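Colleague: give me a 3D structure for the following:
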Amino acid sequence: MKTLIKKLLVLTALSLPLIPAQNAAYAQCGNHIDNSIYENLPFDMPQVEQPTFPEYSVNIVDFGGKNDGVALNTQAINDAIKAVNAHGGGKVIIPEGIWLTGPIELLSNVNLYTEKNALVVFTDDFSAYPIIKTSFEGLDTRRCQSPISARNAENIAITGYGVFDGSGDSWRPVKKGKLTASQWEALVKSGGVVDKSIWYPTAGALKGALACKNFNNPEGIDTDEEWNEIRPWLRPVLLNIVKSKKVLLEGVTFKNSPSWCLHPLSCEHITINNVKVFNPWYSQNGDALDLESCKNALIINNIFDAGDDAICIKSGKDEDGRRRGEPCQNVVVKDNTVLHGHGGFVVGSEMSGGVKNIYVSDCTFLGTDVGLRFKSTRGRGGVVEGIYIHNIHMIDIPHEPLLFDLFYGGKAAGEETETELAGRMKANIPPVTVETPAFRDIHISHVICKGAGRAMFFNGLPEMPINNVSVKNVVISDAKEGIVISQTKGVILENVRIETEGDVLQIKNAEDVKVNGKTYENKTSKGQSIKM
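Modeller: From the prediction side, this is the model:
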């Protein structure tokens with residue numbers, strides 16, 4: 001859907017660029033982060049290193065930038081970044097105004113700083129985004145280049161007060177059921193094509209969708225001509241930072257991403273602090289943050305509003321993820337608020353490289369489909385362990401405040417019927433191999449939720465039960481259903497209060513379930529109900 005500019009009233013505007021200045025001093029970003037965040041962590045991790053920059057700055061206006069919302073500033077912004085990088089580092093300033101641009105590539109030792117009232121809008125011209133080899137949803141594939149990207153960089157930051165808008169509505173398919181009748185009618189009239197109650201922006205986007213049998217990665221597309229034809233389907237993540245060190249995102253707002261919004265991949269020492277992410281609730285694959293195969297990270301003081309999962313921990317998918325072999329580890333997630341999302345805090349489903357040493361505390365989820373969401377399926381492999389979650393507050397969670405689903409089928413909570421889930425679970429039990437995912441040693445405490453669907457659901461694999469999970473000091477009120485524990489071993493519930501009209505706790509195909517110190521076992525699918 002292309003932006004239509006019918007009339008433009010040009011007003012005389014004066015821009016006062018900053019004069020480049022060099023100084024021997026260095027400024028450290030993120031230096032106000034309280035080091036007490038590392039106290040009493042349940043695992044050892046180093047302090048996350050923050051980037052430092054010379055006291056040198058340039059303004060994109062000096063490189064030909066125009067803030068009228070019409071002129072394309074791709075070259076001006078990237079030339080400014082290259083100049084600061086060549087100078088040895090410093091700050092690239094984006095001042096007040098509307099800055100239309102194509103892809104921005106960050107380089108080492110550059111702080112991209114946005115002043116107040118700076119709005120960076122990425123063009124909705126698909127041809128501006130080259131098709132590149134990359135990783136998406138945990139698989140090696142091709143996608144369009146991200147609006148913001150960095151690869152093999154060190155000491156980089158995006159800071160300040162501005163907004164980055166990915167023009168995602170031009171790229172994304174939209175399901176009819178996500179819109180009102182009038183919204184759907186207006187969308188269809190705007191152009192594009194419709195197939196099975198899903199609107200696509202172009203015929204090429206539909207062709208790309210039809211080529212996807214494995215989530216959103218197309219198959220059978222071989223030639224450059226074929227890839228180019230489905231370019232509108234190859235929706236990029238808004239920000240993709242790969243194999244980089246000492247990365248800081250702070251203060252800015254990211255919105256309206258074509259696909260995932262923030263995607264750090266294989267990075268070390270990354271801080272995301274006081275950032276806001278806003279995606280429409282109907283946005284397909286509109287995750288707020290996907291931290292994939294990263295090591296030593298702080299996710300603190302942020303606000304997320306997502307069309308898919310909000311704060312998501314990943315490490316690659318199936319054979320591609322196992323071959324990469326990079327776990328996501330040493331991560332602190334603290335003082336975040338999620339306004340909407342399929343899950344508030346999520347691990348998976350692409351976790352084939354493993355996930356360990358994650359501490360989540362002092363977060364609030366307001367109406368997310370699921371609160372704490374752990375998901376995977378056969379074929380992934382990988383081990384999720386050493387997860388500690390403390391002091392979480394939730395309201396109006398339509399499904400589970402706590403969900404473990406090892407039979408994940410790719411749909412959001414509530415989109416799949418019980419019959420569909422039961423059908424997948426009836427498959428023959430395979431032997432344990434490298435393709436078997438394992439979830440163990442997960443500890444959750446001090447959770448309050450008011451308003452929920454089913455209070456909790458543990459759904460492990462019969463060949464690899466969910467193992468050693470403790471849930472302590474939890475209150476879930478106004479729940480439509482109680483707790484279901486299935487295919488687990490060593491689950492502990494202590495001081496857990498569930499207010500519901502139905503059964504409070506059902507146990508089936510589970511071993512060594514301890515409820516307030518008393519052990520229960522039930523190794524049949526029929527199960528038994530327990531009073532707590």
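
Colleague: all contacts plus neighbour counts: C-alpha atoms, from now on.
Modeller: OK.

Colleague: partners of residue 300 in the sheet?
Modeller: Beta bridges link residue 300 to residue 273, residue 334 when assigned by DSSP bridges.

Colleague: against residue 159, how distant is it?
Modeller: According to Cα to Cα, to the nearest Å, residue 300 and residue 159 sit 15 Å apart.

Colleague: for residue 99, same thing?
Modeller: 16 Å.

Colleague: quick one, longest strand in the protein?
Modeller: Secondary structure assigned by DSSP state E gives strand 466-500 as the longest strand of the chain.

Colleague: which element follows that one toward the C-terminus?
Modeller: Downstream of strand 466-500, the first helix or strand assigned by DSSP states H and E is strand 505-515.

Colleague: what's the angle from that following strand to strand 466-500?
Modeller: Angle between the axes of strand 505-515 and strand 466-500 is 120 degrees (criterion: axes from the mean of the first three to the mean of the last three Cα atoms, to 10 degrees).

Colleague: tell me the mean pLDDT over the helix or strand following strand 505-515?
Modeller: Using DSSP H and E, the next helix or strand after strand 505-515 towards the C-terminus is strand 518-522. Per-region confidence: strand 518-522 scores 86 on mean pLDDT.

Colleague: which residues touch strand 518-522?
Modeller: For strand 518-522, contacts defined as Cα atoms under 8 Å, 6 or more residues apart in numbering pick out 507, 508, 509, 510, 511, 512, 513, 514, 528.

Colleague: how about 7 Å then?
Modeller: In this structure, residues lying in contact with strand 518-522 by Cα atoms under 7 Å, 6 or more residues apart in numbering are 507, 508, 509, 510, 511, 512, 513, 514.

Colleague: out of the residues you listed, which comes closest to residue 418?
Modeller: residue 508 (16.4 Å; Cα to Cα).

Colleague: report the beta-bridge partners for that closest one.
Modeller: The partner residues for residue 508, given DSSP bridges, come to residue 486.

Colleague: and it, what is it in contact with?
Modeller: 485, 486, 487, 522, 523, 524, 525, 526, 527, 528.

Colleague: show me where the chain has helices.
Modeller: Applying DSSP state H to the chain gives helices spanning 74-87, 181-189, 203-210, 224-229, 318-324, 418-425.

Colleague: make a markdown table out of those and add mean pLDDT.
Modeller: Shown next, in a markdown table, are these (pLDDT from 0 to 100):
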| stretch | mean pLDDT |
| --- | --- |
| helix 74-87 | 98 |
| helix 181-189 | 96 |
| helix 203-210 | 95 |
| helix 224-229 | 94 |
| helix 318-324 | 96 |
| helix 418-425 | 71 |
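
Colleague: returning to what we had before: biggest separation within the contacts of strand 518-522, which pair?
Modeller: Of all the pairs that the contacts of strand 518-522 form, the one spanning the most space (Cα to Cα) is 509 and 514, at 14.3 Å.

Colleague: distance between the ends of stretch 195-202?
Modeller: 11 Å.

Colleague: show me what counts as buried in that stretch.
Modeller: Within stretch 195-202, the residues scored as buried using 16 or more other Cα atoms under 10 Å are 198, 199, 200, 201, 202.

Colleague: stretch 494-511 too?
Modeller: 494-500, 503-511.

Colleague: likewise stretch 54-69?
Modeller: By 16+ other Cα under 10 Å, the buried positions in stretch 54-69 come out as 54-63, 65-69.

Colleague: in strands only, show me those residues.
Modeller: 54, 57, 58, 59, 68, 69.

Colleague: so which of those comes closest to residue 155?
Modeller: For those, the nearest to residue 155 is residue 54 (11.2 Å; Cα to Cα).

Colleague: how much space between the residue nearest to the closest one when sequence neighbours are not counted and residue 51?
Modeller: For residue 54, ignoring the flanking residues on the chain, the nearest one in space by Cα to Cα, 6 or more residues apart in numbering is residue 26 at 4.2 Å. Going from residue 26 to residue 51 by Cα to Cα gives 10 Å.

Colleague: more neighbours: which of those two?
Modeller: residue 51 (24 against 13; other Cα atoms under 10 Å).

Colleague: got a list of what the more buried one touches?
Modeller: 28, 29, 155, 156, 246, 247.

Colleague: apply 10 Å and report the result again.
Modeller: By Cα atoms under 10 Å, 6 or more residues apart in numbering, the contact set of residue 51 is 27-31, 109-111, 154-157, 245-248, 269-271.

Colleague: phi, psi of it?
Modeller: Phi and psi for residue 51, reported as degrees, to the nearest 10, are phi -70, psi 150.

Colleague: please report how far it lies from residue 266.
Modeller: For residue 51 relative to residue 266 (Cα to Cα), the value is 17 Å.

Colleague: same question, residue 454
Modeller: Residue 454 is 35 Å from residue 266, by Cα to Cα.

Colleague: quick one: residue 108 and residue 156 touch, right?
Modeller: Yes. With contacts counted by Cα atoms under 10 Å, residue 108 reaches residue 156, the gap being 5.7 Å.

Colleague: who's more crowded, the two?
Modeller: More neighbours surround residue 156 than the other of residue 108 and residue 156, with 30 against 25 (other Cα under 10 Å).

Colleague: ok, what's across the strand from the more buried one?
Modeller: With DSSP bridges as the rule, residue 156 is bridged to residue 247.

Colleague: contacts only, for it.
Modeller: Neighbours of residue 156 in contact, by Cα under 10 Å, 6+ apart: 29, 50-53, 89-91, 106-112, 150, 241, 244-249, 270.

Colleague: go on, residue 189?
Modeller: Contacts of residue 189 (Cα under 10 Å, 6+ apart): residue 183.

Colleague: same check, this time on residue 363
Modeller: 300-302, 333-338, 344-345, 389-394, 447.

Colleague: narrow these to just the buried residues.
Modeller: Neighbour counting with 16+ other Cα under 10 Å marks 300-302, 333-338, 344-345, 389-394, 447 as buried within the contacts of residue 363.

Colleague: quick one: which of the contacts of residue 156 sit in strands?
Modeller: Filtering the contacts of residue 156 for strands - DSSP E - leaves 52-53, 90-91, 110-112, 150, 241, 245-249, 270.

Colleague: make a ChimeraX selection of whichever of the residues you listed turn out to be buried.
Modeller: Selecting just the buried residues from the ones in strands among the contacts of residue 156 in ChimeraX takes one command, with 16+ other Cα under 10 Å as the test:
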select :52,53,90,91,110,111,112,150,241,245,246,247,248,249,270
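
Colleague: perfect, I'm done here.
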